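*Asks:* the amino acid sequence is not available; the structure is as follows:
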């Protein structure tokens, strides 16, 4: 008599199209974060600094020692021992500069600042991420939704997807499905898809099928405010 529409619903997560963790190479304490979420950055730009009082003092001492030995070398150019010591002092200065540079965290690639999980004054360990970069040229994130597996046969690209964000009552987004997973996923497969950081937060019950859509921008308007969408929302 009539066609009755139905809809599938489930948890969803915002995912940067491509993202990259910016990590520290050594242990230290965060002195400052130089950028803000959503801000564009260039490769090589300093995005964070670790406390460097010790490294700066070591560099000043090494440079002073080099200047002293250079002055002595000028007074006695034939002194082979002084020549060797000057070479050693130059190496000391280069090492001190390299140690100071390690306290500056630089963006490895061009991109947009995403999540910033650390703050000034926080201790960090080698390899720990201080922020993530969205490296997609447009900065546009994607939506990964997980709907009950029983709907798998009814889903296809081109269908409409309505995204509701937690805590934003008037910010629903009407998107177009770009991809439907080719398999029904159990809890463990879904956890691998979103990664351990988010698996517990969005774990549904039972089997699911993955549905993806792309947002028009990395920002949305809600309650007369322009809000930035971050990886993991």
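*Replies:* Yes, it's here. Owing to the predicted nature of the structure, the values given are computational and were not obtained by experimental measurement.
*Asks:* measure stretch 222-233 end to end?
*Replies:* With CA to CA, to the nearest Å as the measure, the ends of stretch 222-233 fall 15 Å from one another.
*Asks:* not counting its own residues, what contacts it?
*Replies:* Stretch 222-233 is contacted from outside by 13-16, 19, 37-38, 114-115, 132, 134, 141, 165-166, 168, 170-171, 197-198, 215, 218-221, using CB atoms under 8 Å, 6 or more residues apart in numbering. Placement of C-beta: from N, CA and C, glycine included.
*Asks:* what about that stretch, average pLDDT?
*Replies:* Along stretch 222-233, the predicted confidence averages to a pLDDT of 77.
*Asks:* just the buried ones among the contacts of stretch 222-233, please.
*Replies:* The neighbour-count test (16 or more other CB atoms under 10 Å) applied to the contacts of stretch 222-233 identifies 13-16, 19, 37-38, 114-115, 132, 134, 141, 165, 171, 198, 215, 218, 220 as buried.
*Asks:* so which of the residues you listed are in helices?
*Replies:* If you go by DSSP state H, the buried ones among the contacts of stretch 222-233 have residue 198 in helices.
*Asks:* residue 57: neighbour count?
*Replies:* As a burial measure, residue 57 scores 11 neighbours (other CB atoms under 10 Å).
*Asks:* same thing with residue 130?
*Replies:* 21.
*Asks:* and the residue lying closest to residue 52 once chain neighbours are set aside, how many residues sit next to it?
*Replies:* Beyond its immediate neighbours in the sequence, the residue positioned closest to residue 52 (CB to CB, 6 or more residues apart in numbering) is residue 103, lying 3.9 Å away. A total of 21 residues lie near residue 103 under the criterion other CB under 10 Å.
*Asks:* which of the buried ones among the contacts of stretch 222-233 fall within strands?
*Replies:* Among those, DSSP state E puts 13, 14, 15, 19, 132, 134, 165, 171, 220 in strands.
*Asks:* can you tell me how far the nearest residue to residue 28 once chain neighbours are set aside sits from residue 35?
*Replies:* Sequence neighbours aside, residue 50 is the residue nearest to residue 28 in space, at 3.7 Å (criterion: CB to CB, 6+ apart). Taking CB to CB, to the nearest Å as the measure, residue 50 falls 15 Å from residue 35.
*Asks:* ok, residue 144 touching residue 13?
*Replies:* Yes - A contact is recorded between residue 144 and residue 13 when judged using CB atoms under 8 Å, the distance being 5.3 Å.
*Asks:* for the two, list the residues in contact with both.
*Replies:* When contacts are counted by CB under 8 Å, 6+ apart, residue 144 and residue 13 are jointly contacted by residue 194.
*Asks:* centroid-wise, who is the farthest residue in the protein?
*Replies:* Taking CA atoms, centre = their mean, the residue of the chain most remote from its mean C-alpha position is residue 78, at 54.9 Å.
*Asks:* so it, which state does it fall into?
*Replies:* coil (DSSP: H, G, I helix; E, B strand; the rest coil).
*Asks:* list phi and psi for it.
*Replies:* Backbone torsions for residue 78, taken as degrees, to the nearest 10, come to phi -90, psi 0.
*Asks:* try residue 193
*Replies:* Residue 193 has phi and psi values of phi -70, psi -40 when expressed as degrees, to the nearest 10.
*Asks:* distance of it from residue 50?
*Replies:* For residue 193, the distance to residue 50 under the criterion CB to CB works out to 34 Å.
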